[in-house]
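What shape does this take:
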Amino acid sequence: MNANGPLHGIKVLDFTHVLSAPYATMLLGDMGAEVIKVEKPGTGDSLRNSPPLQNGESAYFFCSNRNKKCIALDLKKKEAVEVIKKMIGEFDVFVENFRPGVMDRLGLGYDAVRAIKPDIIYASLTAFGDKGPYRDKPGFELIIQSLSGLVSVTGDPEGPPSKVQVQVVDLCGGMFLCIAILGALIHRAKTGEGQWVKTSLLESTVAIMTNLVGIALMGFKVPTGMKTRNPQLFPSQSFKTRDAYISIVGTPNHWGRFCNAIGKPEWIDHPKYSDVRYRVENYDEMESMVETVTVTKTTAEWRRLFEEHQVACSNINTVEDLFSDPQFNALDMIKQIQHTTAGGIKILGPPIQFSKSQVGVDLPPPALGEHTSEVLKRFGFSDRQIDNFKSNGVAAGD
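Residues are numbered from 1 along each chain as shown. Now for the predicted structure:
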């Protein structure tokens, strides 16, 4: 693992699956923690089968499992749980994202783990939290986006519901879990105390909707079907051009720049248009007025004009277009690495940098059970014991 990472020396036992919590443990691995992921023999993490596949390995799985090792153990078998209990004492962090109560039934709940390792950081991510009427319900990206109200503020007001296609629920849940773990590690460094940290997909999603929730908490109605509009700022949306669209954001301080760029200096001090509250409350009117101007030039022409006037703007890329964008390429986020079965693969690298420490991609996403024998030997199990585990279905892999 990365010996120069800020979390070098921290060991993480990872019982996570799908996208949310695996993203959290991947971030810990990016920062130098040693992450051992435990998966079910035979099938493993359900994302392993999600298309597209390269030599049977999933791009979806790759996106949240770099910088980890993998062991395959069947936790429904008592022997596998005993293996885990023998390992726990060597770890700093224990992470799981099963429904409430599942780890208790397996004998690996917080109290059982804390009895073995009193200063353990035990981290749990659930869909709805561990209390309330939805506690035991299954929760997925679309369910949480729908319940939280996120779906209502996207798409066309006259059309069907529209999901945010980026998995914001899962990814933000993972990031909040990672933040909680880091906070608990700092607390332990100060006091020697371990603790149980928790978050949920619902809580984390509502948290990232803070500006919209703030509108509702003040007693105002949150606009729905906003498409690219910002309900608290105008201009802040995509406008039609002669050949496509262009996205523009102009803060109140940049209103004059925007007006000059579109050739409407008379709007700068207009008694109505100069007031951002009027512009927001009369979005349809303002959008129509601006688009009568923006449709007269191409996106490329407008981009040059807005950049000359120092107004934030962008053409609308596809994801594939992003790969040829000079700014994205300057950040060097795409990493090439060799995978055990998929061969050469490209994955995203960490989105953070430190001036003193290092982050990076040191390990490719692991094949299922790729490190079973290696890790079990490290914890004192003999070749004969490991072979017996495999023959009895307790363990699997190399």
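
From one end of stretch 245-255 to the other, what's the distance?
Counting by CA to CA, to the nearest Å, the length from the leading to the trailing residue of stretch 245-255 is 20 Å.

just how off-centre is it within its chain?
Using CA atoms, centre = their mean, to the nearest Å, the mean C-alpha position of stretch 245-255 is found 28 Å from that of the whole chain.

For the stretch 151-300 of the chain, just list every one of the helices.
In the stretch 151-300 of the chain, the helices defined using DSSP state H, counting those that start in this stretch lie at 168-191, 201-208, 210-217, 255-261, 276-281, 283-294, 299-308.

for the stretch 1-150 of the chain, that is, sorry about that
Counting by DSSP H, counting those that start in this stretch, the helices of the stretch 1-150 of the chain are 20-30, 59-62, 78-88, 102-106, 110-116, 141-148.

would you list those in TSV and tack on distance to Gly159 and mean neighbour count?
In this view, the C-beta of every residue, glycine as well, is placed from N, C-alpha and C. Rendered in TSV, the data for these read as follows (distance: least, CB to CB, whole Å; neighbours: other CB atoms under 10 Å):
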stretch	distance to Gly159	mean neighbour count
helix 20-30	28	27
helix 59-62	28	20
helix 78-88	49	18
helix 102-106	39	16
helix 110-116	45	16
helix 141-148	16	20
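
Now tabulate the helices of the stretch 151-300 of the chain in CSV and tack on distance to Leu28.
Rendered in CSV, the data for the helices of the stretch 151-300 of the chain read as follows (distance: least, CB to CB, whole Å):
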stretch, distance to Leu28
helix 168-191, 6
helix 201-208, 17
helix 210-217, 25
helix 255-261, 42
helix 276-281, 41
helix 283-294, 42
helix 299-308, 39
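
Turn these into JSON lines, including mean pLDDT.
As requested, the helices of the stretch 151-300 of the chain are exported to JSON lines (pLDDT from 0 to 100):
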{"stretch": "helix 168-191", "mean pLDDT": "98"}
{"stretch": "helix 201-208", "mean pLDDT": "98"}
{"stretch": "helix 210-217", "mean pLDDT": "96"}
{"stretch": "helix 255-261", "mean pLDDT": "98"}
{"stretch": "helix 276-281", "mean pLDDT": "96"}
{"stretch": "helix 283-294", "mean pLDDT": "97"}
{"stretch": "helix 299-308", "mean pLDDT": "97"}
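
thinking again about what came up before, of the helices of the stretch 1-150 of the chain, which approaches Thr340 most closely?
Nearest to Thr340 among the helices of the stretch 1-150 of the chain is helix 59-62 (12.3 Å), distances taken as CB to CB.

helices or strands up against that closest one?
If you count contacts as 3 or more CB pairs under 8 Å, 6 or more residues apart in numbering; DSSP states H and E, helix 59-62 packs onto no helix or strand.

What is the distance between that helix and the centre of its chain?
Taking CA atoms, centre = their mean, one finds the center of helix 59-62 at 13 Å from the center of the full chain.

same question, stretch 225-240
In terms of CA atoms, centre = their mean, the centre of stretch 225-240 is found 24 Å from the chain centre.

measure that stretch end to end?
For stretch 225-240, the first-to-last residue distance is 18 Å (CA to CA).

buried sites along that stretch?
Neighbour-count burial for stretch 225-240, with 16 or more other CB atoms under 10 Å as criterion, is recorded at 226, 229, 231, 234-239.

who's in contact with that stretch?
Applying CB atoms under 8 Å, 6 or more residues apart in numbering, the set of residues contacting stretch 225-240 from outside is 152-159, 211-212, 215, 222-223, 245-252, 258, 276, 279-280, 283, 286-287, 290-291, 294-295, 316.

rewinding a little: let me have the buried residues of stretch 225-240 in a markdown table, adding distance to Val38 and pLDDT as columns.
As requested, the buried residues of stretch 225-240 are arranged in a markdown table below (distance: CB to CB, whole Å; pLDDT from 0 to 100):
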| residue | distance to Val38 | pLDDT |
| --- | --- | --- |
| Met226 | 42 | 86 |
| Arg229 | 45 | 92 |
| Pro231 | 44 | 92 |
| Phe234 | 50 | 97 |
| Pro235 | 50 | 97 |
| Ser236 | 45 | 97 |
| Gln237 | 46 | 96 |
| Ser238 | 44 | 97 |
| Phe239 | 50 | 97 |
